[in-house]
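Chemist: pasted the sequence and its predicted model underneath.
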Amino acid sequence: MMDHGRFAYSPIVDRTPKALPGNARVGLWISPNVEHFPWKQPGMAMTPMTAALSPDVLNYAWRDYGARVGIWRLMDVLAKHGVAVTAALNSDVCDHYPQIVEAGTKAGWEWMAHGPNNSMVFTGMGPDDERPLINAVIDRIEQATGIRPRGWLGPALTETDNTLDILAQAGIDYVCDWANDELPYEILTASGDIAALPYTLEIGDIPIFLQHGGTGDDFQRILIDHFDQLYEEGEHSPRIMSIAVHPFLIGHPFRARALDRALAHICGHEGVWMATGSEMVDWFRAPG
């Protein structure tokens, strides 16, 4: 058991490969982060120049483009390729942008809970505050979509020491905060195991565009290189590929075209299983 007490170290080369449905080489899951950033509160910034100002109109408007324009272009690109989608949803989106939730639900998107909004973090929160907040997020998403979310991604992937226990108690089946593997694994909680699904901190639009200053061509090349490597390895040991995107970044025309071309490459291969988070958890936990 590792020092956090949640799971033991497990080298991927020591695990017995489990066949993906259809004997696929790569399982692909795509996670748009559909978020709300309250006015005059912190959020992802295009430039630090105005981030400390109140109001910070520049960065607020840059983020707001995602809800007004970018999400709709992203929906078109994903629908074009027929990929399965599991969107990380701030529950505040249900109140501020209900048309997005309605359209995603109509398109067959799975929604995993993503906290109330992305201007807050869970770190440092006491359990008496965290438990009702998590339950309220899950309840609001269920109310808006008609389906209780099975997955969770913390805002900025933040947790407290109690988060996993509270999530398991609330009936959450899988989490994505622990981006440390290419296959699902179980995490120990006080209410039984919760699955950790592979999630990317490397090939998402935030690291490539914001942190590394990449171009659309860089994004396309990185996604294709990543997939090609996993596809080659997947002949003997299937892997999961996660793509995480944000409408305020990937939704701009020049970036959306790069995602479009990368998905055309990936979807042009046989042996790619396109699945939602719930489908991946069910595969992982099924006998055999």
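Modeler: Arrived safely.
Chemist: who's in contact with residue 153?
Modeler: Taking CB atoms under 8 Å, 6 or more residues apart in numbering, we find residue 153 in contact with 31, 33, 88, 112-114, 175-177, 199. For the C-beta atoms, the positions are set from N, CA and C on the backbone; glycine is no exception.
Chemist: need phi/psi at residue 88.
Modeler: Dihedral pair for residue 88: phi -80, psi 120, per degrees, to the nearest 10.
Chemist: identify the residues contacting it.
Modeler: Residue 88 touches 31-35, 112-114, 153, 176, 244, counting by CB under 8 Å, 6+ apart.
Chemist: which members of these are the farthest-apart pair?
Modeler: Distance extremes for the contacts of residue 88: the farthest pair is 113 and 244 at 15.4 Å, using CB to CB.
Chemist: in terms of neighbours, single out the busier of these two.
Modeler: Shown here are residue 113 and residue 244; by other CB atoms under 10 Å, residue 113 has more neighbours (27 against 23).
Chemist: tell me which of the contacts of residue 153 is nearest to residue 189?
Modeler: Closest to residue 189, out of all of those and judged by CB to CB, is residue 175, at 9.8 Å.
Chemist: neighbours of the spatially closest residue to that closest one that is not a sequence neighbour, just the number please.
Modeler: Distances taken as CB to CB, 6 or more residues apart in numbering put residue 152 closest to residue 175, at 5.0 Å, once the chain neighbours are dropped. Neighbours of residue 152 under the rule other CB under 10 Å: 27.
Chemist: can you show me the helices along the chain?
Modeler: Taking DSSP state H, the helices of the chain run over residues 57-65, 71-81, 93-96, 98-106, 127-145, 163-169, 205, 216-233, 247-250, 253-267, 277-285.
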